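S.K.: Provide a 3D model corresponding to the input given below.
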Amino acid sequence: MRQSNVFTATCIIFLASFAVHAESAPPTVRGAMGNVTVVREGISRQAAIGDTIRDGDVIRVPENSYLELNAANGALVTVRGPKTFRADMAQLQVRMRSGGALYGLYRHFSRSVPYRPSITIVASVRSREAAAEGRRVRAEFENAVALFDAGKDDDAALSFSRIERSPYLTAASREQIRYYGAEILFRKAMFTDALASFEALSVSGSADFHFREESHARAVLCAEHAGLYARMDELAKDYLARYGERGKFVREMRDLVGGEK
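M.R.: This next block holds a predicted model:
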């Protein structure tokens, strides 16, 4: 998995306050669990609440440990182990400035993944054999969604894969299954693969696939998680060009590109 200069691709950014400014003070340790250490000028010490993180510090967060960093303006960054990274203040400030927008996207996607009613899963079929296959596919789709909702991602992925091989799927249903597949990749922290999937879905040619815009926003989050910040900015600009003021995520995308419209 790729790492950024600030935190690794799987760091999770939350925001306690949306008012994040470039002139933020250097981050301090807000909390730590486990043997989290900070190496400065060759000397290693255990991270303690109130410690200031300086440019160039090497931070080690072991497995089953975490570190919370807090900026004076209220921005909060949580890093979960195992991670080792070198603090880069210039990049850190960029990440904190974008934190409010990213939090808005996280909040939107904190709910269950939307999906079309199962009746739209298969096209209209006439033969008895095709009708039976249609009923089987609908039932398996419901089961796959239940597995996904229960967090059984491997089983859900296998079930969705079987469904996708059916010749009776509508084009929109096929795209919806791929949307679930991209979500599973995201939950497995396979952010680069999830990014490719969501980008493809964001330009889906199926008129009945209703989650192109959500896929575009999800791709932005994938790029951030993968440390692909230039791509994240490009996707945000593409979103504004495509959806303009009518977009569901226009405020967050404007914030990501520095207020551009």
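S.K.: Val203 against Phe209, yeah?
M.R.: No: counting by CB atoms under 8 Å, Val203 stays clear of Phe209, with 10.5 Å between them. Bear in mind the C-beta positions are built from the backbone N, C-alpha and C, glycine included.
S.K.: of these two, who's got more company?
M.R.: Taking neighbours as other CB atoms under 10 Å, Val203 and Phe209 compare with Phe209 leading, 20 against 11.
S.K.: Ignoring the adjacent residues along the chain, who's closest to the more buried one?
M.R.: Computed as CB to CB, 6 or more residues apart in numbering, the closest residue to Phe209 that is not its neighbour in sequence is Glu175, at 4.1 Å.
S.K.: Would you verify that the one you found is located in a strand?
M.R.: No: the assignment for Glu175, made by DSSP: H, G, I helix; E, B strand; the rest coil, is helix rather than a strand.
S.K.: Could you report the distance from it to Asp154?
M.R.: 22 Å (CB to CB, to the nearest Å).
S.K.: Tell me which of those two has more neighbours.
M.R.: Applying other CB under 10 Å to Glu175 and Asp154 shows that Glu175 carries more neighbours, namely 22 against 10.
S.K.: quick one: low-confidence parts of the stretch 101-250 of the chain?
M.R.: For the stretch 101-250 of the chain, the stretches flagged by pLDDT under 70 are 101, 103, 110-126.
S.K.: Could I get the full set of strands for the stretch 1-150 of the chain?
M.R.: Under the criterion DSSP state E, counting those that start in this stretch, the stretch 1-150 of the chain contains strands at 12-15, 28-33, 37-40, 43-46, 58-61, 66-70, 75-80, 83-86.
S.K.: Keeping just the C-alphas, turn the fifth one into PDB.
M.R.: This means strand 58-61. Extracted C-alpha coordinates of strand 58-61, given in PDB (Å, rounded to 0.1, in the frame of the first residue of the first chain):
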ATOM      1  CA  VAL A  58       9.600  10.200  12.600                       C
ATOM      2  CA  ILE A  59       6.500   8.700  14.200                       C
ATOM      3  CA  ARG A  60       6.000   5.000  14.900                       C
ATOM      4  CA  VAL A  61       2.600   3.700  15.700                       C
END
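S.K.: Would you mind listing the buried residues in that strand?
M.R.: 59-61 (16 or more other CB atoms under 10 Å).
S.K.: what's the answer for the second one, then?
M.R.: Residues of strand 28-33 classed as buried under the neighbour-count rule (16+ other CB under 10 Å) are 29-30, 32.
S.K.: From the contact counts, what lies against it?
M.R.: Judged by 3 or more CB pairs under 8 Å, 6 or more residues apart in numbering; DSSP states H and E, the packing partners of strand 28-33 are strand 66-70.
S.K.: Give me the distance between the two termini of stretch 32-43.
M.R.: 19 Å (CA to CA, to the nearest Å).
S.K.: start the count at 270, not 1, going forward
M.R.: Got it, the first residue is 270 from now on, which makes the last one we talked about stretch 301-312.
S.K.: Which residue, other than its chain neighbours, is closest to Leu490?
M.R.: Leu374 (5.6 Å).
S.K.: Next: Tyr508.
M.R.: Nearest non-adjacent residue to Tyr508, counting by CB to CB, 6+ apart: Met522, 4.7 Å away.
S.K.: And for Leu338?
M.R.: Pro296 (4.0 Å).
S.K.: right, and the one you found touches Ile322 too?
M.R.: Yes: contact criterion CB under 8 Å: Pro296 and Ile322 qualify, at 5.0 Å.
S.K.: Common neighbours of these two, please.
M.R.: By the contact definition CB atoms under 8 Å, 6 or more residues apart in numbering, Pro296 and Ile322 are jointly contacted by Leu338.
S.K.: Scan the chain for its longest helix.
M.R.: helix 397-418 (DSSP state H).
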